[in-house]
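In: What follows is a predicted protein model with its sequence.
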Amino acid sequence: MKNISERLNDIAGSAFEKAGYDSKYGVINQSNRPDLCQFQCNGAMAAAKQYHKAPLQIAGEVVEVMNIYDAFESVEAVAPGFININLNPEFVAELVEEMSRDEKLGVVEPEEKKTIVIDYGGANVAKPLHVGHLRPAIIGESIKRICKYAGHEVIGDVHLGDWGLQMGLIIAELKKMSPELPYFDESFFGEYPKEAPFSISDLEEIYPRASARSKEDEEFRLEAEENTRKLQEGYPPFMAIWNHIMSVSVADLKKNYDKLDVHFDLWKGESDAESYIADMVQDLKDKGLAYESEGALVVDVTEESDSKELPPCIIVKSNGATLYATTDLATLVEREKDYKPNQIIYVADKRQSLHFIQVFRVAKKADIVGEQTELKHIGFGTMNGPDGKPFKTRDGGVLRLEALLQQIVDEVKEKMRENRDYGEDELNEISEKVGLAALKYGDLSNQASKDYIFDIERFASFEGNTGPYILYTIVRINSMLKKYADEGGKIDEDEQILPPGKKSEMDMYLALTEFPQMIEGAYKELAPHRVCSYVYSLCEAFNHFYHDTVILKEENEDVRNSYLRLISLVKRVLETGIDLLGFSAPNKM
């Protein structure tokens, strides 16, 4: 089914054409003066320049044609040339009815499905997730869900940092701690232990200690670099340690991502690209793209349209080491081979924009990806504390992600205790769902590229534009529907949704009809904040209707049934919306 915007534009375009003007001027938008009308067309203003006529004359001629269409209750030409439009309630009811009976709520499957890879998460093994990992995880997860709902094949890849110097550092520190382990005995030829000689807690202490030591101890740093080289060459003892690190780390990462309701299709890392690097580097040389500069192998990326020269992309350092750019390019080789994606989206800090410009340009110049393959970087801003600086713990350290989530869950618990008594188990279950909604909605309601202040009290509020307010609205509808069912009532799905009467009812109908168009926009812009804005506006429309209407006690059975079908649809749309944002509603609050 066509969305409301497409239907109205078809009508307006046809009306302009019948009145003797180009149909392109028939564009209808929501009115910025809802006190005057619901929709507005400003095409006559633009057409006046082409046809050398007064805008009001053109508008009047078009209005004469538009008045024949049943979609409109009123169409009026207003000086200096606006066309003010109010829709026929029966036309709106038909749209809502169609939407209610459609599995995808009016969202049309694309003519050509894309294969989209989304690279998000950005976690490093052997390190705990901290607040810096929040935004890529939840923004990427939401974008993945939006793209899937829009009808595309989507593959989410965590792309772990698992192959760099941090591995060599951990191995060097482990040797210092436990030199008796078989991995460090060159005469050992047996099978290496299946159990890791460390826990995730041990690793979280080992890496920071090793990193600090490398900054003060040159010999230790060189040993770590040598360990990294040997690992990347497949040295069996170090590969065994690496496998232990991976199994322990990935299990912990999955547990923490699960708490965030963030799920990846692929758990690949930089190590998976290693086997593609040598051939890729040789190909860059063979194509005359890579050349030596100060001992390093680089590729120029500056283009004629650039206002200033960009630094070349370093592929191999002078000491033979590879970099993030190398593994990112090799990963593109792997993805092209395995999935042939139409689009690859990277969700990463906006401060990495130069890195992605370099990688994308090398990939295109070297034909690593096809000309039609879109490479896109979604650059996000920082989450800041009340002081406007990147979020830290009170003692200035980096806050662990699970600690941040617990903070907001605890804040929600306190607010819930203020309102009513809960059993402890019930309180824990509900507050975890509401806390996650508060955290995710508080972040996603901001445009991804913008920095924002993490305001735990505001995010956890049950009033205003917050996650808990959205959930409370869904719970309110659930409660009404349950009460109706418990009293023996049954909604007749065969009965039509009736045309809206009062303004609050019409506003809710119109808010519902905007859903398919919102999905289209959120997908095209890869913008979760558009979903947030929509679910909030629908909640506002529903709550105005709720306070203005007797629903369960409505005496007219047909009207009551229509109301119940309507609020059931609102619930379904809201639940779809919050699922796209990566959280769900409790049964009660």
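Out: Perfect, I can see it now.

In: Mind listing what's buried along stretch 301-315?
Out: When burial is assessed from 16 or more other CB atoms under 10 Å, stretch 301-315 yields the following buried residues: 301, 312, 313, 314, 315. Where you see a C-beta, it was placed from the backbone N, CA and C, and this is true even at glycine.

In: So which of the residues you listed are in strands?
Out: Judged by DSSP state E, strands contain the following of those: 313, 314, 315.

In: Check for me that residue 297 belongs to a helix.
Out: No - read with DSSP: H, G, I helix; E, B strand; the rest coil, residue 297 is strand and lies in no helix.

In: Beta-bridge partners for it, please?
Out: In this entry, residue 297 is beta-bridged to residue 292, residue 316, by DSSP bridges.

In: Just give the number of residues close to it.
Out: For residue 297, the count of nearby residues is 21 (other CB atoms under 10 Å).

In: what do you get for residue 2?
Out: Look at residue 2: counted by other CB under 10 Å, it has 14 neighbours.

In: That one against residue 11, yeah?
Out: No - look at residue 2 against residue 11 with CB atoms under 8 Å: they stay out of range, at 10.9 Å.

In: And the pLDDT at residue 396?
Out: Model confidence at residue 396, given as pLDDT, is 60.

In: ok, which stretches of the stretch 351-500 of the chain are strands?
Out: For the stretch 351-500 of the chain, applying DSSP state E, counting those that start in this stretch gives strands covering 374-380, 383-384, 452-453.

In: got the CA positions of the longest one in CSV?
Out: This file holds the C-alpha atoms of strand 374-380, laid out as CSV (Å, rounded to 0.1, in the frame of the first residue of the first chain):
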residue,chain,number,x,y,z
GLU,A,374,28.2,2.1,-1.0
LEU,A,375,30.6,2.5,1.9
LYS,A,376,29.3,4.7,4.7
HIS,A,377,30.6,5.9,8.0
ILE,A,378,28.0,6.8,10.6
GLY,A,379,30.1,9.1,12.9
PHE,A,380,28.7,9.5,16.4
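
In: how far is that strand from where the chain is centred?
Out: 12 Å (CA atoms, centre = their mean, to the nearest Å).

In: now residue 326: how far from residue 299?
Out: Note on residue 326: its distance to residue 299, by CB to CB, to the nearest Å, is 11 Å.

In: shared neighbours of these two, anything?
Out: Shared contacts of residue 326 and residue 299 (CB atoms under 8 Å, 6 or more residues apart in numbering): residue 315.

In: Which one of those two is surrounded by more residues?
Out: Neighbour tally, residue 326 and residue 299, criterion other CB under 10 Å: the higher count belongs to residue 326, 25 against 22.

In: surely residue 522 meets residue 146?
Out: Yes - with contact defined as CB under 8 Å, residue 522 and residue 146 form a contacting pair (5.2 Å).

In: tally of neighbours for the nearest residue to residue 312 once chain neighbours are set aside?
Out: Excluding its sequence neighbours, the residue lying closest to residue 312 (CB to CB, 6 or more residues apart in numbering) is residue 298, at 4.0 Å. Residue 298: 22 surrounding residues under other CB under 10 Å.

In: same check, this time on residue 287
Out: Residue 287 is flanked by 12 other residues according to other CB under 10 Å.

In: Likewise for residue 428?
Out: 12.

In: for residue 331, same thing?
Out: Other residues lying near residue 331 total 24 when counted by other CB under 10 Å.

In: quick one: it from residue 124, how far?
Out: Counting by CB to CB, the separation of residue 331 from residue 124 is 16 Å.

In: ditto for residue 454
Out: Look at residue 454 and residue 124: by CB to CB, they are 22 Å apart.

In: And these two? Which one has more around it.
Out: More neighbours surround residue 454 than the other of residue 454 and residue 124, with 22 against 18 (other CB under 10 Å).

In: Identify the residue spatially nearest to the more buried one, adjacent ones excluded.
Out: Counting by CB to CB, 6+ apart, the residue nearest residue 454 is residue 383, at 5.1 Å.

In: Verify the stated contact: that neighbour with residue 456.
Out: No - contact criterion CB under 8 Å: residue 383 and residue 456 do not qualify, at 11.5 Å.

In: Surely the residue nearest to residue 312 is in contact with residue 315?
Out: Yes - contact criterion CB under 8 Å: residue 298 and residue 315 qualify, at 6.4 Å.

In: what residues do those two have in common as contacts?
Out: Counting by CB under 8 Å, 6+ apart, the shared contacts of residue 298 and residue 315 are residue 290.

In: Give the residue spans of this protein that score low on pLDDT.
Out: By pLDDT under 70, the weakly predicted segments of the chain are 393-397.

In: Show me the strands in it, by range?
Out: Counting by DSSP E, residue ranges of the strands within the chain are 28-30, 39-41, 72-78, 82-87, 115-119, 153-157, 290-293, 296-299, 313-316, 343-349, 374-380, 383-384, 452-453.

In: Give the pairing partners of the second one; include direction for each.
Out: Looking back up the chat, that one is strand 39-41. strand 28-30 (antiparallel), strand 82-87 (antiparallel).

In: which residues are in contact with the first one?
Out: It refers to strand 28-30. With CB under 8 Å, 6+ apart as the test, strand 28-30 has contacts from 5, 8, 9, 11, 12, 38, 39, 40, 41, 42, 85.

In: The fourth one contacts residue 70, correct?
Out: No - assessed by CB under 8 Å, residue 11 is found out of contact with residue 70, at 9.8 Å.

In: Neighbour count for those two, which is higher?
Out: Remark: of residue 11 and residue 70, residue 11 carries more neighbours, 20 against 10, as counted by other CB under 10 Å.

In: Run through the residues that contact the more buried one.
Out: By CB under 8 Å, 6+ apart, the contact set of residue 11 is 26, 28, 66, 69, 71.

In: again, only using 10 Å
Out: 26, 28, 65, 66, 68, 69, 70, 71, 72, 85 (CB atoms under 10 Å, 6 or more residues apart in numbering).

In: So which of the strands paired with strand 39-41 is nearest residue 482?
Out: Each of those has some distance to residue 482 by CB to CB; the shortest is strand 82-87, at 32.9 Å.

In: and the closest one with strand 72-78, angle?
Out: On the basis of axes from the mean of the first three to the mean of the last three CA atoms, to 10 degrees, strand 82-87 is oriented at 170 degrees to strand 72-78.

In: in the stretch 51-200 of the chain, which spans are helices?
Out: Secondary structure of the stretch 51-200 of the chain (DSSP state H, counting those that start in this stretch): helices located at 55-66, 89-100, 134-149, 165-177, 200-216.

In: and if you look at the stretch 451-589 of the chain?
Out: According to DSSP H, counting those that start in this stretch, the stretch 451-589 of the chain carries its helices in the segments 456-459, 467-486, 503-513, 515-525, 528-548, 557-581.

In: residues near the residue nearest to residue 533 when sequence neighbours are not counted, how many?
Out: Among residues not flanking residue 533 along the chain, residue 445 sits closest, at 7.3 Å (CB to CB, 6+ apart). Per other CB under 10 Å, the neighbour tally for residue 445 reads 22.

In: ok, residue 34 touching residue 503?
Out: Yes - applying CB atoms under 10 Å, one finds residue 34 in contact with residue 503, separated by 9.5 Å.

In: can you tell me which of the strands of the chain comes nearest to residue 587?
Out: When those are ranked by proximity to residue 587 (CB to CB), strand 153-157 comes first, at 28.6 Å.

In: and the closest one, what does it pack onto?
Out: Counting contacts by 3 or more CB pairs under 10 Å, 6 or more residues apart in numbering; DSSP states H and E, strand 153-157 is packed against strand 115-119, helix 134-149, helix 324-339, strand 343-349.

In: hmm, who's touching it?
Out: The contact list for strand 153-157, computed with CB under 10 Å, 6+ apart, reads 113-121, 140-141, 143-148, 262-269, 272, 331, 335, 338-339, 341-347.

In: ok, 8 Å please
Out: Applying CB under 8 Å, 6+ apart, the contact partners of strand 153-157 are 113-121, 140-141, 144, 147-148, 263-266, 268, 339, 341.

In: on that earlier part again, which residues are common contacts for residue 522 and residue 146?
Out: Here residue 522 and residue 146 have 528, 531, 580 as joint contacts, going by CB under 8 Å, 6+ apart.
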